[in-house]
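Undergrad: Could you look at this predicted model? Sequence included:
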Amino acid sequence: MIKPEMLQKGDKIAVVSLSWGGLGDEKLIHKYYIAKERLEKDFGLEVVAMPNALKGSQFVYEHPEARAKDLMDAFKDETIKGIFCAIGGDDTIRLLPYIDYEVIKNNPKIFMGYSDTTVNHLMMNKAGLVSFYGPSVMFEFGEYVKMFDYTKQAVEDILFNDCDNYEIKSSEIWSSDFVSWKEENMNTAKKTQLEEHGYETLQGAGVVTGKLLGGCIDVFPMVIGTEIWPTKDEWKDKILLLETSEEKPSPDLITYYLRNLGAQGIFDVIKGIIVGKPQDEKYYEEYKEVYLKVLKEFNKESLPVLYNINIGHVYPTGILPLGTDVQIDFTNKKISLLESPTNEKEYNKIR
């Protein structure tokens, strides 16, 4: 897999709306300006919105080719060093006919998002590029009052620094609070509570090493059978990353999704599974029971599963690089990056 260059202060990053286009809607565009100011002041980045990113939800919905053009143009632009997704949605799949994987492969740069952006991450995987399952512009960077420290630290550590042998720890706090996206709420911060669980090992033990592959399990049914869905051979020796969306799918749906993965033979070839904290801890215990039940159905009671990871649709969320070696210690409940997912800039290597 090709690694992008790490970010540094002064770099230009592009904002893209690849699924839902609400970032440009009149009532929500204030979230863009909050995020832009934060990215510039807190991280020292130059922020540009691609031409179609702020044209509003109706235009963005009607023009998947324009969304894809923004993505392709952002990769082609040598002055742009990172691409951050506005938000997820349910419509990224319509970009498939317009994607040039050679453009992505030949212009590696940091690409980040989550949720429906799972589709884009699978595009990156097909192109052979390491990508970053992590915060979005509207939610995390556009958070009212301040970003969660956990998320901010993850951005600084993983995108701006060499993080070889870096441990990704559980957050000490979490939130189930949602502050309605209205300008009058801009001074209202989310309420938090202490994390009572930390990482949980559902089954299995020991230490495994492999490259992370996966994303939001709700999105998988749209992608299975397309050109970007990995073959069984491509799943071999991977660690499967799974998390659930804000729609909080029922335990029955998760059962069906997992059975599909089992029927594809994916459980036969992967090394382990890591599972994100369910948003608001809805179905927290029920999901655990589903994983254990379905894996038992496929005679995979020794396949290790680590649960309650701060990733995706959870406050706070972190960053997990897809496509570089990660070590999961299921006995001691630890996640470590065995290599930095980025390369240093050439002139930094020379100095």
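TA: Looks like it came in fine.
Undergrad: which one is the residue nearest the centre of the chain nearest to, not counting chain neighbours?
TA: The structure's the chain has its C-alpha centroid closest to Y133; by C-alpha atoms, centre = their mean the separation is 2.2 Å. Closest residue in space to Y133, ignoring its immediate chain neighbours: L320 at 4.8 Å, by C-beta to C-beta, 6 or more residues apart in numbering. C-beta: built from backbone N, CA, C; applies to glycine.
Undergrad: Over to E156?
TA: Nearest to E156 is F43, by C-beta to C-beta, 6+ apart, at 7.4 Å.
Undergrad: if I pick the one you found, what's in contact with it?
TA: L7, K9, V155, E156, F160 (C-beta atoms under 8 Å, 6 or more residues apart in numbering).
Undergrad: Write a ChimeraX command that selects only the buried members of those residues.
TA: In ChimeraX syntax, the buried subset of those is picked out as below (16 or more other C-beta atoms under 10 Å):
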select :7,155,160
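Undergrad: Cross the contacts of F43 against helices and list the overlap.
TA: Among the contacts of F43, DSSP state H puts V155, E156 in helices.
Undergrad: between the contacts of F43, which is nearest V326?
TA: Minimum distance to V326 across the contacts of F43 is 18.0 Å, recorded for V155 (C-beta to C-beta).
Undergrad: Give me the distance between that closest one and M186.
TA: 21 Å (C-beta to C-beta, to the nearest Å).
Undergrad: same thing with E200?
TA: The value you get for E200 to M186, if C-beta to C-beta is used, is 36 Å.
Undergrad: With neighbour numbers in mind, choose between these two.
TA: Neighbour comparison, E200 and M186: the larger count goes to E200, with 16 against 13 (by other C-beta atoms under 10 Å).
Undergrad: could you give me the average pLDDT of the helix or strand harbouring K69?
TA: Taking DSSP states H and E as the definition, K69 sits inside helix 64-76. Averaged over helix 64-76, pLDDT sits at 98.
Undergrad: would you list every one of the helices in this structure?
TA: 29-43, 57-62, 64-76, 101-106, 118-127, 149-159, 220-223, 232-235, 251-263, 266-269, 284-297, 346-350.
Undergrad: Please identify the deepest-packed of those helices.
TA: Most buried of the helices of the chain, by mean neighbour count (mean count of other C-beta atoms under 10 Å): helix 118-127, with a mean of 25.
Undergrad: From the contacts of F43, pick the one nearest G82.
TA: Among the contacts of F43, and counting by C-beta to C-beta, the member closest to G82 is L7, at 5.7 Å.
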